[in-house]
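Trainee: Structure of the sequence below:
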Amino acid sequence: MAKIGFVGFGEVNTPVDVIVRKCAAAEAALKAEGLELVSVYPVADDYEEVQVNHAVEALAKENFDALVVCIAGWIPTHAVVKVTEHYRHLPMVLWGLCGWYEGDRLVTTADQAGTTGLRATFEGLGYKFRYVYDIIGKKTKSDVVADYCRAAIAAKELLHDKVGMAGYRDMNLYGTLYDGMSLKKKTGVEIETFEMLEIQQRYEKLTEEEKRQIVEERILRWNFLKPANDDTMMKAAGYYLAVKQIAEERGYQSISIKDVDGMKKLCGFPPAPIFMLLSEDGYTTVPENDSLGAVTQLMLNRLTGQLAGYLEFYEFFEHSVLAGVPDFVAADMVDGDTYTVIPAAFGALSQGILNVSKVKTGTVTMSRLTYADGKYVMQILLGNGKTPPKWEECGWDQPAPQLSALEIEISDVENFAEHVACQHYIITYGDNRAKIRNLCSILGIEVFEM
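Mentor: Residues are numbered from 1 along each chain as shown. From the prediction side, this is the model:
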(Lines give C-alpha, C1' and ligand atoms only; values in the text may rest on other atoms or scores of the structure.)
Protein backbone atom coordinates (compact mmCIF):
# COMPACT_ATOMS: atom_id res chain seq x y z
CA MET A 1 0.00 0.00 0.00
CA ALA A 2 1.17 3.52 -0.80
CA LYS A 3 2.35 5.58 2.17
CA ILE A 4 2.32 9.29 2.95
CA GLY A 5 4.88 11.10 5.09
CA PHE A 6 3.47 13.24 7.91
CA VAL A 7 5.56 15.74 9.89
CA GLY A 8 4.03 17.95 12.58
CA PHE A 9 5.72 21.23 13.52
CA GLY A 10 5.35 23.65 16.43
CA GLU A 11 7.56 26.34 17.91
CA VAL A 12 9.83 25.39 20.79
CA ASN A 13 8.16 27.81 23.24
CA THR A 14 4.63 26.55 22.59
CA PRO A 15 3.46 23.97 25.18
CA VAL A 16 4.51 20.64 23.67
CA ASP A 17 1.38 18.84 24.82
CA VAL A 18 -0.74 21.25 22.75
CA ILE A 19 1.34 20.64 19.61
CA VAL A 20 1.21 16.87 20.14
CA ARG A 21 -2.55 16.94 20.71
CA LYS A 22 -3.19 18.93 17.53
CA CYS A 23 -0.85 16.84 15.40
CA ALA A 24 -2.32 13.60 16.73
CA ALA A 25 -5.82 14.77 15.81
CA ALA A 26 -4.69 15.70 12.29
CA GLU A 27 -2.92 12.36 11.94
CA ALA A 28 -6.05 10.48 13.05
CA ALA A 29 -8.20 12.43 10.59
CA LEU A 30 -5.93 11.46 7.68
CA LYS A 31 -5.94 7.83 8.75
CA ALA A 32 -9.74 8.00 8.83
CA GLU A 33 -9.54 9.12 5.19
CA GLY A 34 -7.82 5.83 4.40
CA LEU A 35 -4.20 6.99 4.20
CA GLU A 36 -1.30 4.98 5.61
CA LEU A 37 1.12 7.39 7.25
CA VAL A 38 4.77 7.56 8.21
CA SER A 39 4.48 10.06 11.07
CA VAL A 40 6.99 12.17 12.97
CA TYR A 41 5.98 14.83 15.50
CA PRO A 42 6.49 17.10 17.31
CA VAL A 43 9.29 18.87 15.48
CA ALA A 44 10.36 22.20 17.00
CA ASP A 45 13.08 24.75 16.27
CA ASP A 46 15.27 23.72 19.21
CA TYR A 47 18.70 25.33 19.05
CA GLU A 48 20.60 22.04 18.74
CA GLU A 49 18.16 20.90 15.99
CA VAL A 50 17.69 17.56 17.75
CA GLN A 51 14.08 17.21 16.68
CA VAL A 52 14.78 18.33 13.10
CA ASN A 53 17.57 15.76 12.76
CA HIS A 54 15.41 13.08 14.32
CA ALA A 55 12.65 13.79 11.81
CA VAL A 56 15.07 13.56 8.88
CA GLU A 57 16.49 10.27 10.16
CA ALA A 58 13.08 8.74 10.90
CA LEU A 59 11.61 9.66 7.51
CA ALA A 60 14.69 8.35 5.68
CA LYS A 61 13.88 4.83 6.89
CA GLU A 62 10.62 4.73 4.92
CA ASN A 63 9.43 5.25 1.36
CA PHE A 64 6.39 7.41 0.73
CA ASP A 65 4.70 9.17 -2.18
CA ALA A 66 3.92 12.61 -0.72
CA LEU A 67 4.73 14.64 2.37
CA VAL A 68 2.19 16.38 4.60
CA VAL A 69 3.80 19.34 6.35
CA CYS A 70 1.44 19.87 9.28
CA ILE A 71 1.83 23.25 10.94
CA ALA A 72 0.30 23.12 14.42
CA GLY A 73 1.67 26.51 15.53
CA TRP A 74 4.19 29.17 14.71
CA ILE A 75 7.47 27.71 13.46
CA PRO A 76 10.48 29.50 11.97
CA THR A 77 10.87 28.71 8.28
CA HIS A 78 14.38 27.25 8.54
CA ALA A 79 13.27 24.39 10.81
CA VAL A 80 10.72 23.22 8.25
CA VAL A 81 12.94 23.63 5.20
CA LYS A 82 15.71 21.57 6.79
CA VAL A 83 13.27 18.65 6.68
CA THR A 84 11.41 19.34 3.44
CA GLU A 85 14.54 19.94 1.35
CA HIS A 86 15.21 16.20 1.52
CA TYR A 87 11.88 15.64 -0.26
CA ARG A 88 11.71 18.47 -2.77
CA HIS A 89 11.11 15.82 -5.47
CA LEU A 90 7.82 14.79 -3.84
CA PRO A 91 4.44 16.52 -3.88
CA MET A 92 3.69 18.16 -0.52
CA VAL A 93 0.75 19.59 1.37
CA LEU A 94 1.37 22.65 3.53
CA TRP A 95 -1.44 22.17 6.05
CA GLY A 96 -2.08 24.83 8.67
CA LEU A 97 -4.21 23.75 11.63
CA CYS A 98 -6.16 26.29 13.65
CA GLY A 99 -6.95 27.52 17.16
CA TRP A 100 -9.99 26.84 19.31
CA TYR A 101 -12.48 28.53 21.57
CA GLU A 102 -12.53 28.36 25.36
CA GLY A 103 -15.88 29.86 26.19
CA ASP A 104 -16.01 33.21 24.41
CA ARG A 105 -12.23 33.41 24.14
CA LEU A 106 -10.24 32.37 21.03
CA VAL A 107 -6.98 30.59 21.74
CA THR A 108 -4.42 30.25 18.95
CA THR A 109 -0.95 28.80 18.50
CA ALA A 110 -0.44 31.05 15.46
CA ASP A 111 -0.71 28.23 12.96
CA GLN A 112 -1.30 30.59 10.03
CA ALA A 113 1.67 32.70 11.04
CA GLY A 114 3.64 29.55 10.33
CA THR A 115 1.95 28.73 7.02
CA THR A 116 2.05 32.27 5.68
CA GLY A 117 5.74 32.39 6.40
CA LEU A 118 6.21 29.16 4.49
CA ARG A 119 3.91 29.41 1.48
CA ALA A 120 5.97 31.83 -0.57
CA THR A 121 9.15 30.05 0.56
CA PHE A 122 7.88 26.74 -0.76
CA GLU A 123 6.89 28.44 -4.00
CA GLY A 124 10.27 30.11 -4.32
CA LEU A 125 12.06 26.81 -3.75
CA GLY A 126 10.09 25.25 -6.58
CA TYR A 127 8.18 22.72 -4.50
CA LYS A 128 5.07 21.03 -5.90
CA PHE A 129 2.60 21.66 -3.11
CA ARG A 130 -0.95 22.45 -2.10
CA TYR A 131 -1.64 25.03 0.61
CA VAL A 132 -4.53 24.10 2.91
CA TYR A 133 -5.65 25.86 6.09
CA ASP A 134 -8.27 24.93 8.68
CA ILE A 135 -10.77 27.45 10.09
CA ILE A 136 -11.90 27.56 13.70
CA GLY A 137 -15.35 26.08 14.13
CA LYS A 138 -15.34 24.43 10.70
CA LYS A 139 -14.68 20.82 9.75
CA THR A 140 -10.99 20.04 9.40
CA LYS A 141 -9.82 19.89 5.79
CA SER A 142 -8.31 16.45 6.12
CA ASP A 143 -10.37 15.37 3.09
CA VAL A 144 -8.75 18.06 0.96
CA VAL A 145 -5.30 17.04 2.18
CA ALA A 146 -6.09 13.37 1.52
CA ASP A 147 -7.32 14.10 -2.00
CA TYR A 148 -4.03 15.77 -2.87
CA CYS A 149 -2.10 12.86 -1.39
CA ARG A 150 -4.16 10.44 -3.48
CA ALA A 151 -3.36 12.52 -6.55
CA ALA A 152 0.33 12.15 -5.71
CA ILE A 153 -0.14 8.40 -5.46
CA ALA A 154 -1.94 8.43 -8.82
CA ALA A 155 0.91 10.37 -10.42
CA LYS A 156 3.39 7.76 -9.22
CA GLU A 157 1.21 4.90 -10.47
CA LEU A 158 0.97 6.50 -13.90
CA LEU A 159 4.75 6.22 -14.21
CA HIS A 160 4.29 2.46 -14.58
CA ASP A 161 1.01 2.40 -16.52
CA LYS A 162 0.90 1.13 -20.08
CA VAL A 163 -1.70 1.38 -22.80
CA GLY A 164 -1.78 -1.54 -25.20
CA MET A 165 -2.83 -0.32 -28.63
CA ALA A 166 -3.55 -2.62 -31.56
CA GLY A 167 -2.74 -0.65 -34.69
CA TYR A 168 -2.50 3.11 -34.94
CA ARG A 169 -4.52 6.10 -36.15
CA ASP A 170 -7.80 4.43 -37.05
CA MET A 171 -9.60 6.17 -39.96
CA ASN A 172 -6.52 8.41 -40.30
CA LEU A 173 -7.96 10.69 -37.62
CA TYR A 174 -5.84 13.59 -36.44
CA GLY A 175 -7.45 13.87 -33.01
CA THR A 176 -6.12 10.49 -31.89
CA LEU A 177 -2.45 11.16 -32.65
CA TYR A 178 0.15 11.51 -29.89
CA ASP A 179 3.80 12.36 -29.30
CA GLY A 180 5.31 9.48 -27.37
CA MET A 181 8.30 11.27 -25.86
CA SER A 182 6.46 14.29 -24.49
CA LEU A 183 3.54 12.14 -23.32
CA LYS A 184 5.86 9.91 -21.31
CA LYS A 185 7.70 12.91 -19.90
CA LYS A 186 4.54 14.74 -18.87
CA THR A 187 2.23 11.94 -17.67
CA GLY A 188 4.50 8.94 -17.17
CA VAL A 189 2.22 6.75 -19.31
CA GLU A 190 3.69 4.53 -22.02
CA ILE A 191 1.70 3.60 -25.12
CA GLU A 192 2.83 0.32 -26.65
CA THR A 193 1.52 -0.74 -30.03
CA PHE A 194 1.04 -4.33 -31.11
CA GLU A 195 0.00 -5.65 -34.48
CA MET A 196 -3.46 -6.85 -35.37
CA LEU A 197 -1.75 -9.80 -37.01
CA GLU A 198 -0.73 -10.96 -33.55
CA ILE A 199 -4.37 -10.88 -32.43
CA GLN A 200 -5.36 -12.97 -35.44
CA GLN A 201 -2.52 -15.46 -34.94
CA ARG A 202 -3.43 -16.00 -31.31
CA TYR A 203 -7.11 -16.24 -32.21
CA GLU A 204 -6.40 -19.05 -34.66
CA LYS A 205 -4.53 -21.07 -32.02
CA LEU A 206 -7.43 -21.06 -29.55
CA THR A 207 -9.46 -24.22 -29.12
CA GLU A 208 -13.22 -24.39 -29.54
CA GLU A 209 -13.44 -25.39 -25.88
CA GLU A 210 -11.65 -22.23 -24.72
CA LYS A 211 -13.97 -20.01 -26.73
CA ARG A 212 -17.07 -21.97 -25.74
CA GLN A 213 -16.25 -21.51 -22.06
CA ILE A 214 -16.27 -17.71 -22.44
CA VAL A 215 -19.55 -17.85 -24.35
CA GLU A 216 -21.23 -19.99 -21.71
CA GLU A 217 -19.78 -18.35 -18.59
CA ARG A 218 -19.62 -14.70 -19.67
CA ILE A 219 -21.42 -13.71 -22.85
CA LEU A 220 -24.65 -15.64 -22.37
CA ARG A 221 -25.07 -13.96 -18.98
CA TRP A 222 -25.70 -10.67 -20.74
CA ASN A 223 -29.26 -9.56 -21.34
CA PHE A 224 -29.87 -10.31 -25.05
CA LEU A 225 -32.87 -8.50 -26.53
CA LYS A 226 -32.84 -11.09 -29.29
CA PRO A 227 -30.62 -14.13 -29.89
CA ALA A 228 -27.20 -13.68 -31.47
CA ASN A 229 -25.59 -16.04 -33.96
CA ASP A 230 -23.42 -18.62 -32.24
CA ASP A 231 -20.61 -17.83 -34.69
CA THR A 232 -20.72 -14.16 -33.64
CA MET A 233 -20.45 -15.05 -29.95
CA MET A 234 -17.61 -17.52 -30.57
CA LYS A 235 -15.67 -14.88 -32.53
CA ALA A 236 -16.19 -12.39 -29.70
CA ALA A 237 -14.89 -14.92 -27.17
CA GLY A 238 -11.89 -15.84 -29.30
CA TYR A 239 -10.75 -12.32 -30.10
CA TYR A 240 -11.25 -11.32 -26.45
CA LEU A 241 -9.04 -14.19 -25.29
CA ALA A 242 -6.37 -13.26 -27.81
CA VAL A 243 -6.25 -9.62 -26.66
CA LYS A 244 -6.45 -10.61 -22.99
CA GLN A 245 -3.40 -12.87 -23.40
CA ILE A 246 -1.40 -9.97 -24.81
CA ALA A 247 -2.58 -7.58 -22.08
CA GLU A 248 -1.68 -9.98 -19.28
CA GLU A 249 1.73 -10.87 -20.71
CA ARG A 250 2.74 -7.22 -21.18
CA GLY A 251 1.12 -5.66 -18.14
CA TYR A 252 -1.32 -3.33 -19.89
CA GLN A 253 -3.85 -1.46 -17.79
CA SER A 254 -5.67 0.00 -20.80
CA ILE A 255 -6.59 -1.32 -24.24
CA SER A 256 -7.45 0.39 -27.52
CA ILE A 257 -7.98 -1.38 -30.84
CA LYS A 258 -8.03 -0.19 -34.42
CA ASP A 259 -11.74 -0.37 -35.03
CA VAL A 260 -13.21 0.77 -38.37
CA ASP A 261 -10.08 0.25 -40.49
CA GLY A 262 -8.92 -2.66 -38.34
CA MET A 263 -11.17 -5.25 -36.73
CA LYS A 264 -14.19 -4.34 -38.84
CA LYS A 265 -12.41 -4.03 -42.18
CA LEU A 266 -9.73 -6.70 -41.88
CA CYS A 267 -11.33 -9.27 -39.61
CA GLY A 268 -14.95 -8.61 -40.51
CA PHE A 269 -15.87 -8.32 -36.84
CA PRO A 270 -17.04 -5.27 -34.85
CA PRO A 271 -14.94 -5.32 -31.65
CA ALA A 272 -17.58 -4.03 -29.17
CA PRO A 273 -17.90 -7.33 -27.23
CA ILE A 274 -14.12 -7.55 -26.91
CA PHE A 275 -14.15 -4.18 -25.13
CA MET A 276 -17.14 -5.20 -23.01
CA LEU A 277 -15.40 -8.32 -21.74
CA LEU A 278 -12.16 -6.44 -21.07
CA SER A 279 -14.10 -3.75 -19.23
CA GLU A 280 -15.68 -6.40 -17.00
CA ASP A 281 -12.12 -7.51 -16.19
CA GLY A 282 -11.25 -4.00 -15.00
CA TYR A 283 -9.35 -2.65 -18.02
CA THR A 284 -10.01 0.88 -19.19
CA THR A 285 -10.99 0.70 -22.85
CA VAL A 286 -11.54 3.11 -25.73
CA PRO A 287 -11.86 2.37 -29.47
CA GLU A 288 -10.28 3.82 -32.61
CA ASN A 289 -6.70 4.19 -31.32
CA ASP A 290 -7.71 7.17 -29.22
CA SER A 291 -4.33 7.73 -27.60
CA LEU A 292 -4.99 10.74 -25.39
CA GLY A 293 -8.46 9.41 -24.60
CA ALA A 294 -6.83 6.26 -23.21
CA VAL A 295 -4.38 8.32 -21.13
CA THR A 296 -7.22 10.48 -19.81
CA GLN A 297 -9.02 7.29 -18.77
CA LEU A 298 -6.00 6.04 -16.85
CA MET A 299 -5.60 9.36 -15.07
CA LEU A 300 -9.27 9.38 -14.01
CA ASN A 301 -9.18 5.68 -13.12
CA ARG A 302 -6.24 6.26 -10.79
CA LEU A 303 -7.99 9.24 -9.20
CA THR A 304 -11.51 7.85 -8.80
CA GLY A 305 -11.34 4.07 -9.17
CA GLN A 306 -13.93 4.33 -11.94
CA LEU A 307 -13.38 2.77 -15.37
CA ALA A 308 -13.82 6.24 -16.90
CA GLY A 309 -15.67 5.21 -20.03
CA TYR A 310 -15.96 7.31 -23.14
CA LEU A 311 -18.91 8.96 -24.85
CA GLU A 312 -18.92 10.78 -28.17
CA PHE A 313 -21.06 13.66 -29.34
CA TYR A 314 -23.98 13.28 -31.72
CA GLU A 315 -25.97 16.49 -31.30
CA PHE A 316 -25.69 19.88 -29.61
CA PHE A 317 -28.82 21.42 -28.15
CA GLU A 318 -29.31 24.84 -26.63
CA HIS A 319 -28.52 23.76 -23.06
CA SER A 320 -27.26 20.19 -23.44
CA VAL A 321 -25.40 17.74 -25.66
CA LEU A 322 -26.35 14.25 -26.81
CA ALA A 323 -23.38 11.98 -26.02
CA GLY A 324 -23.55 8.29 -26.83
CA VAL A 325 -21.65 5.34 -28.21
CA PRO A 326 -22.08 3.25 -31.36
CA ASP A 327 -20.62 0.15 -29.74
CA PHE A 328 -20.11 -0.25 -25.97
CA VAL A 329 -20.01 1.49 -22.60
CA ALA A 330 -17.74 0.79 -19.64
CA ALA A 331 -19.08 -1.86 -17.27
CA ASP A 332 -19.56 0.55 -14.36
CA MET A 333 -21.56 3.04 -16.46
CA VAL A 334 -24.40 0.55 -16.92
CA ASP A 335 -27.61 1.21 -15.00
CA GLY A 336 -28.23 -2.39 -13.99
CA ASP A 337 -26.49 -5.61 -13.07
CA THR A 338 -25.32 -6.61 -16.56
CA TYR A 339 -25.01 -5.43 -20.13
CA THR A 340 -28.09 -5.22 -22.32
CA VAL A 341 -27.06 -6.21 -25.85
CA ILE A 342 -28.52 -6.86 -29.26
CA PRO A 343 -27.08 -8.40 -32.45
CA ALA A 344 -27.05 -5.66 -35.09
CA ALA A 345 -25.24 -4.51 -38.22
CA PHE A 346 -24.34 -1.00 -39.38
CA GLY A 347 -24.19 -0.28 -43.11
CA ALA A 348 -22.08 -2.86 -44.93
CA LEU A 349 -20.49 -4.23 -41.75
CA SER A 350 -21.16 -7.77 -40.58
CA GLN A 351 -23.33 -8.46 -37.55
CA GLY A 352 -21.86 -7.70 -34.17
CA ILE A 353 -23.02 -7.66 -30.56
CA LEU A 354 -24.02 -4.08 -29.80
CA ASN A 355 -24.23 -2.76 -26.24
CA VAL A 356 -27.52 -0.89 -25.79
CA SER A 357 -27.45 -0.71 -22.00
CA LYS A 358 -29.15 2.14 -20.19
CA VAL A 359 -26.49 4.50 -18.85
CA LYS A 360 -26.46 5.75 -15.25
CA THR A 361 -27.66 9.32 -14.87
CA GLY A 362 -26.53 12.02 -12.46
CA THR A 363 -23.65 14.46 -12.02
CA VAL A 364 -20.80 13.73 -14.44
CA THR A 365 -17.36 15.19 -15.02
CA MET A 366 -16.34 15.32 -18.69
CA SER A 367 -12.58 15.31 -19.27
CA ARG A 368 -10.14 15.31 -22.18
CA LEU A 369 -6.35 15.59 -22.24
CA THR A 370 -5.30 17.65 -25.25
CA TYR A 371 -1.98 18.42 -26.93
CA ALA A 372 -1.24 21.33 -29.23
CA ASP A 373 1.90 23.29 -30.08
CA GLY A 374 3.97 21.31 -27.58
CA LYS A 375 1.60 21.95 -24.66
CA TYR A 376 -0.66 19.59 -22.72
CA VAL A 377 -3.96 20.89 -21.36
CA MET A 378 -6.68 19.01 -19.49
CA GLN A 379 -10.18 20.16 -20.41
CA ILE A 380 -12.84 19.55 -17.77
CA LEU A 381 -16.47 20.50 -17.37
CA LEU A 382 -19.29 19.50 -15.09
CA GLY A 383 -22.62 18.29 -16.38
CA ASN A 384 -25.86 16.62 -15.40
CA GLY A 385 -26.49 13.41 -17.29
CA LYS A 386 -30.12 12.53 -17.88
CA THR A 387 -31.94 9.89 -19.89
CA PRO A 388 -31.92 10.99 -23.56
CA PRO A 389 -34.98 11.19 -25.80
CA LYS A 390 -35.69 8.31 -28.15
CA TRP A 391 -33.14 8.55 -30.94
CA GLU A 392 -31.23 6.51 -33.50
CA GLU A 393 -28.12 6.75 -35.65
CA CYS A 394 -29.00 6.52 -39.31
CA GLY A 395 -27.58 3.38 -40.97
CA TRP A 396 -28.35 0.66 -38.44
CA ASP A 397 -30.54 -2.32 -39.28
CA GLN A 398 -34.20 -1.47 -38.77
CA PRO A 399 -35.70 -1.26 -36.30
CA ALA A 400 -32.67 0.79 -35.32
CA PRO A 401 -31.26 0.19 -31.82
CA GLN A 402 -31.54 2.78 -29.06
CA LEU A 403 -27.83 3.40 -28.51
CA SER A 404 -26.38 3.83 -25.04
CA ALA A 405 -26.28 7.56 -24.33
CA LEU A 406 -26.83 10.48 -22.00
CA GLU A 407 -28.24 13.88 -22.63
CA ILE A 408 -25.78 15.99 -20.65
CA GLU A 409 -26.87 19.41 -19.46
CA ILE A 410 -23.94 21.83 -19.29
CA SER A 411 -23.77 25.48 -18.31
CA ASP A 412 -22.58 26.92 -21.61
CA VAL A 413 -22.91 24.78 -24.73
CA GLU A 414 -21.67 27.52 -27.01
CA ASN A 415 -18.46 27.97 -25.04
CA PHE A 416 -17.92 24.22 -24.97
CA ALA A 417 -18.44 23.99 -28.72
CA GLU A 418 -15.88 26.74 -29.25
CA HIS A 419 -13.24 24.70 -27.41
CA VAL A 420 -14.24 21.07 -27.96
CA ALA A 421 -11.10 19.05 -28.64
CA CYS A 422 -12.31 15.70 -29.95
CA GLN A 423 -15.42 13.61 -30.54
CA HIS A 424 -14.53 11.46 -27.50
CA TYR A 425 -14.70 12.77 -23.91
CA ILE A 426 -14.08 10.70 -20.81
CA ILE A 427 -16.92 10.40 -18.31
CA THR A 428 -16.73 9.93 -14.55
CA TYR A 429 -19.56 10.21 -12.08
CA GLY A 430 -19.59 12.92 -9.45
CA ASP A 431 -17.77 16.23 -9.34
CA ASN A 432 -14.13 15.21 -9.80
CA ARG A 433 -12.77 18.58 -10.87
CA ALA A 434 -10.76 19.17 -7.70
CA LYS A 435 -9.17 15.74 -7.96
CA ILE A 436 -8.20 16.41 -11.58
CA ARG A 437 -6.77 19.82 -10.69
CA ASN A 438 -4.63 18.21 -8.00
CA LEU A 439 -3.19 15.60 -10.35
CA CYS A 440 -2.58 18.08 -13.14
CA SER A 441 -0.80 20.48 -10.79
CA ILE A 442 1.54 17.66 -9.78
CA LEU A 443 2.16 16.65 -13.40
CA GLY A 444 2.55 20.23 -14.62
CA ILE A 445 -0.48 20.10 -16.91
CA GLU A 446 -2.61 23.19 -17.37
CA VAL A 447 -6.32 22.83 -16.60
CA PHE A 448 -8.98 24.51 -18.72
CA GLU A 449 -12.43 24.50 -17.13
CA MET A 450 -15.46 25.23 -19.26
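Trainee: any low-confidence regions in the stretch 151-300 of the chain?
Mentor: Within the stretch 151-300 of the chain, no range satisfies pLDDT under 70.
Trainee: at 90 instead, please
Mentor: Along the stretch 151-300 of the chain, the parts satisfying pLDDT under 90 run over 170-172, 175-177, 260-270.
Trainee: Now do the helices in it.
Mentor: Assigned by DSSP state H, counting those that start in this stretch, the stretch 151-300 of the chain shows helices spanning 180-187, 196-205, 208-217, 230-250, 265-266, 272-280, 291-304.
Trainee: would you list these in CSV and tack on distance to residue 384?
Mentor: Backbone N, C-alpha and C define where each C-beta goes, glycine included. Putting the helices of the stretch 151-300 of the chain into CSV (distance: least, Cβ to Cβ, whole Å) gives the following:
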stretch, distance to residue 384
helix 180-187, 29
helix 196-205, 39
helix 208-217, 37
helix 230-250, 34
helix 265-266, 38
helix 272-280, 24
helix 291-304, 18
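Trainee: so which of those helices comes closest to residue 352?
Mentor: Residue 352 lies closest, by Cβ to Cβ, to one member of the helices of the stretch 151-300 of the chain: helix 272-280, at 5.7 Å.
Trainee: Which neighbouring elements make contact with the closest one?
Mentor: helix 230-250, strand 254-257, strand 284-287, strand 352-355 (3 or more Cβ pairs under 8 Å, 6 or more residues apart in numbering; DSSP states H and E).
Trainee: The same query, at a cut-off of 7 Å, please.
Mentor: Here helix 272-280 touches helix 230-250, strand 284-287, strand 352-355, going by 3 or more Cβ pairs under 7 Å, 6 or more residues apart in numbering; DSSP states H and E.
Trainee: What lies in contact with the last one?
Mentor: Under the contact criterion Cβ atoms under 7 Å, 6 or more residues apart in numbering, strand 352-355 has outside partners 228, 232, 236, 269-270, 272-273, 276, 327-329, 339, 341-344, 401, 404.
Trainee: Show only the entries of the residues you listed found in strands.
Mentor: Mapping these onto strands (DSSP state E) picks out 341-344.
Trainee: so can I have a markdown table of those residues showing distance to residue 124, pLDDT and neighbour count?
Mentor: As requested, these are exported to a markdown table (distance: Cβ to Cβ, whole Å; pLDDT from 0 to 100; neighbours: other Cβ atoms under 10 Å):
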| residue | distance to residue 124 | pLDDT | neighbour count |
| --- | --- | --- | --- |
| 341 | 58 | 94 | 24 |
| 342 | 61 | 90 | 20 |
| 343 | 63 | 87 | 18 |
| 344 | 61 | 81 | 22 |
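Trainee: May I have the phi/psi pair for residue 408?
Mentor: In terms of degrees, to the nearest 10, the main-chain angles of residue 408 are phi -110, psi 120.
Trainee: which SS class is the nearest residue to it once chain neighbours are set aside?
Mentor: With Cβ to Cβ, 6 or more residues apart in numbering as the criterion, residue 408 has its nearest non-adjacent residue at 4.1 Å, and that residue is residue 383. Judged by DSSP: H, G, I helix; E, B strand; the rest coil, the three-state class of residue 383 is strand.
Trainee: ok, residue 383 - contacts?
Mentor: By Cβ under 7 Å, 6+ apart, the neighbours of residue 383 are 364, 366, 408-410.
Trainee: what does residue 179 give?
Mentor: Contacts for residue 179 (Cβ under 7 Å, 6+ apart) come out as residue 371.
Trainee: Residue 80 versus that one, what's the distance?
Mentor: To residue 80, residue 179 is 39 Å away according to Cβ to Cβ, to the nearest Å.
Trainee: Give me the distance between the residue nearest to residue 408 and residue 186.
Mentor: As judged by Cβ to Cβ, residue 383 and residue 186 stand 26 Å apart.
Trainee: Spatially, and excluding backbone neighbours, which residue is closest to the residue most central in space within the chain.
Mentor: Geometric centre of the chain, nearest residue: residue 300, 1.3 Å, by Cα atoms, centre = their mean. Ranked by Cβ to Cβ, 6+ apart and with sequence neighbours excluded, the top spatial neighbour of residue 300 is residue 308, at 3.9 Å.
Trainee: How about the secondary structure of the one you found?
Mentor: Strictly by three-state DSSP, residue 308 counts as coil.
Trainee: contacting residues for it?
Mentor: Contacts of residue 308 (Cβ under 7 Å, 6+ apart): 284, 297, 300-301, 426-428.
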